[in-house]
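Trainee: this is a predicted model, with the sequence first.
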Amino acid sequence: MSLPIEDLPAWSHLNDVSFSNVKVTNTEGKGYGVLSQTDLTAAEGTTETPILLTVPHNLVLNAAAVEEHAKEDKDFRQLLEALELRSARTDILLFLLVQTARASRTSHPSVGVSNPWAEYLQFLPKTVSVPTMWPEQERLLLRGTSLWSAVDAKLRALSSELQTIHEASSGIPGWDELLWEGNNPVFFSDWVRLDALYRSRCLELPRSGESMVPCIDMINHSSSATAYYDENSKDEVVLRLRPRSSISGGEEVTISYGDNKSAAEMLFSYGFIDTTSTAESLVLPLMPFADDPLAKAKLVAFGKAPKLHVARENGTIRWESEFAHLKCVNEEDGLEFRVLQETDGGRQLRVFWKDEDVTDRTAEFEELNKSHDFPAVMRLRTVVVVEECLQAQLDWLEESQHDERPSELDQDCVRSATLLRQIEAALLRDTLTQLEQEKNSLLASENVVAYLGSMETASLDLAGAEASNEDEDFS
Ligand SMILES: C[S@@+](CC[C@H](N)C(=O)[O-])C[C@H]1O[C@@H](n2cnc3c(N)ncnc32)[C@H](O)[C@@H]1O
């Protein structure tokens, strides 16, 4: 079910949303947008700039609003409580799912209470250009980029979320019928769309936190935004002209979706990359060595997804990976895992570094490794690990460039994927050059030379001992 955007003023009027000299309309290549209907200027030296849009607090959709809704709607509360793993995001998505399902019914559903969002959702686009909504062939264009595994993981997570909702709702009267039976059952693609709408339209309000706000979510992004949103003393959300900004009649009103997001993040969350405002950074997963006997223990003790971040800021490249430092430490360096038996019969994994309990400091091995007899060797090992990870990624990015592609591909997806590939390849290449320099200077450092010398002596001693054993055997 969808409603034409021409009906939005009526919905807004009914729900006390007020537009001042702006309107929602179609824009070139960006879906809907907000256009100014007159020339607007923020007077010099004032922060009380003109208000363009006001949305009442009761329309703000966040975790607290879903909680409030559940107080009035006992069927929904039962559904919400049947879900074991809950978060603000899943609560909001479940609310949106129920409102969409109710709106798609011709007959009056037996469960759920309607809300203005049921109708508002019908104004929202059917598809969002985020990669989770790209057709499979287009998604293949992301092979070799940092988004490939992220999109795959997201789709698997979405599938498992919907499965959980299906199982939780199955035993509750009325929900089976509304969500999974009849002419309009919920499909995986509906859940993927709601997730995409949430990701591309939620914003951070100063007081109400992560929220979706109708009509404010019709405003497109620009790195030279002319407006910003805020909450006033009545907790209404207001859109204001930015200080020192002016907009001509017929010009688009824009806000900033953030200037510190990477190209991958922008594409993942909003379905486009604005090269004028993206941060040059990328995040990759970093796994332990496949043949490391401590691999599993390291992952459990680390307790979060191991990652490698690379970023270029003001021309300087930095990399950061808490796990890379732990990945490089072995038993002979002083790392030890012990399983302690607890009084209640449970078992606990504890981590020791040179006999000190560092279970709560597994993210601090960069610092801990400085107490190693050969700290430069530890740094060198970490640099090599990071270099290998980035080189493998760059090789994959370059090889997959030559993958065969069907001719009929969505050109917007092709453009976005090509841009992402170029941005990530340039950052990977420059980071690798910098790592090679650091590796060479570490190899020449006194500490590493001394370590290599000691290793040589040890292997000579070992060879000598083996030779003398052989002598004994032969004698
Ligand atoms: C919060 S919504 C804005 C309203 C949206 N255009 C619509 O049709 O409903 C965010 C979405 O608008 C589009 N968008 C916003 N700013 C854009 C820009 N500068 N370039 C391209 N697309 C943009 C993207 O599809 C993004 O996911």
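Mentor: Nice, I can see it. Model, not experiment: these values are computed from the prediction. Numbers count the residues shown, from 1 in each chain.

Trainee: quick one: least confident helix or strand in the protein?
Mentor: Ranking every helix and strand in the chain by mean pLDDT, DSSP states H and E puts helix 446-474 at the bottom, with a mean of 69.

Trainee: give me the residue from the stretch 351-475 of the chain nearest the ligand.
Mentor: residue 412 (9.3 Å; C-beta to the nearest ligand atom). Backbone N, C-alpha and C define where each C-beta goes, glycine included.

Trainee: doesn't that residue belong to a strand?
Mentor: No: counting by DSSP: H, G, I helix; E, B strand; the rest coil, residue 412 is not found in a strand; it is helix.

Trainee: contacts only, for residue 428.
Mentor: Contact partners of residue 428, counting by C-beta atoms under 8 Å, 6 or more residues apart in numbering, are 282, 310, 390, 393, 394, 397.

Trainee: tell me which parts of the stretch 201-350 of the chain are close to the ligand?
Mentor: Proximity of the stretch 201-350 of the chain to the ligand, by C-beta under 6 Å from any ligand atom, involves residues 201, 217, 218, 220, 221, 222, 270, 271, 272, 274.

Trainee: now, those that are in helices?
Mentor: Of these, the ones assigned to helices by DSSP state H are 201, 270.

Trainee: which of the residues of the stretch 201-350 of the chain next to the ligand lies closest to residue 155?
Mentor: Each of those was checked against residue 155 using C-beta to C-beta; the closest is residue 271, at 15.3 Å.

Trainee: could you report the pLDDT at the closest one?
Mentor: In this prediction, residue 271 carries a pLDDT score of 98.

Trainee: I figured it hits residue 128, correct?
Mentor: Yes: Residue 271 is within contact range of residue 128, at 5.5 Å (criterion: C-beta atoms under 8 Å).

Trainee: quick one: residue 310 is in a strand?
Mentor: Yes: under the criterion used here (three-state DSSP), residue 310 sits inside a strand.

Trainee: who does it bridge with?
Mentor: Beta bridges link residue 310 to residue 282, residue 319 when assigned by DSSP bridges.

Trainee: can you report phi and psi for residue 46?
Mentor: Main-chain torsions, residue 46, degrees, to the nearest 10: phi -120, psi 150.

Trainee: got it, and residue 313?
Mentor: Dihedral angles of residue 313 (phi, psi; degrees, to the nearest 10) stand at phi -130, psi 130.

Trainee: distance of it from residue 262?
Mentor: According to C-beta to C-beta, to the nearest Å, residue 313 and residue 262 sit 12 Å apart.

Trainee: tell me the secondary structure for the closest residue to residue 93 other than its chain neighbours?
Mentor: Leaving aside its sequence neighbours, residue 93 sits nearest to residue 194 (C-beta to C-beta, 6 or more residues apart in numbering; 5.3 Å). Residue 194 falls in the helix class when you classify it by three-state DSSP.

Trainee: near residue 60, how many other residues are there?
Mentor: Using other C-beta atoms under 10 Å, residue 60 has 22 other residues around it.

Trainee: burial count for the residue of the stretch 351-475 of the chain closest to the ligand?
Mentor: Neighbour count of residue 412, defined by other C-beta under 10 Å: 14.

Trainee: ok, it - contacts?
Mentor: Residues in contact with residue 412 (C-beta under 8 Å, 6+ apart) are residue 129.

Trainee: distance of it from residue 128?
Mentor: Remark: distance between residue 412 and residue 128 (C-beta to C-beta) = 12 Å.

Trainee: repeat that for residue 211.
Mentor: Note on residue 211: its distance to residue 128, by C-beta to C-beta, is 18 Å.

Trainee: quick one, which of the contacts of residue 428 are buried?
Mentor: The neighbour count (16 or more other C-beta atoms under 10 Å) marks 282, 310, 390, 393, 394, 397 as buried among those.

Trainee: farthest pair in the residues you listed?
Mentor: 310 and 397 (13.3 Å).

Trainee: go ahead and confirm the residue nearest to residue 93 touches residue 92.
Mentor: No: with contact defined as C-beta under 8 Å, residue 194 does not reach residue 92; the gap is 9.0 Å.

Trainee: ok, back up a step: now the common contact residues for residue 271 and residue 128.
Mentor: Residues touching both residue 271 and residue 128 (C-beta under 8 Å, 6+ apart) are 196, 200.

Trainee: relative to residue 200, how far out is the residue nearest to residue 93?
Mentor: 11 Å.

Trainee: give me the neighbour count for residue 18.
Mentor: Per other C-beta under 10 Å, the neighbour tally for residue 18 reads 15.
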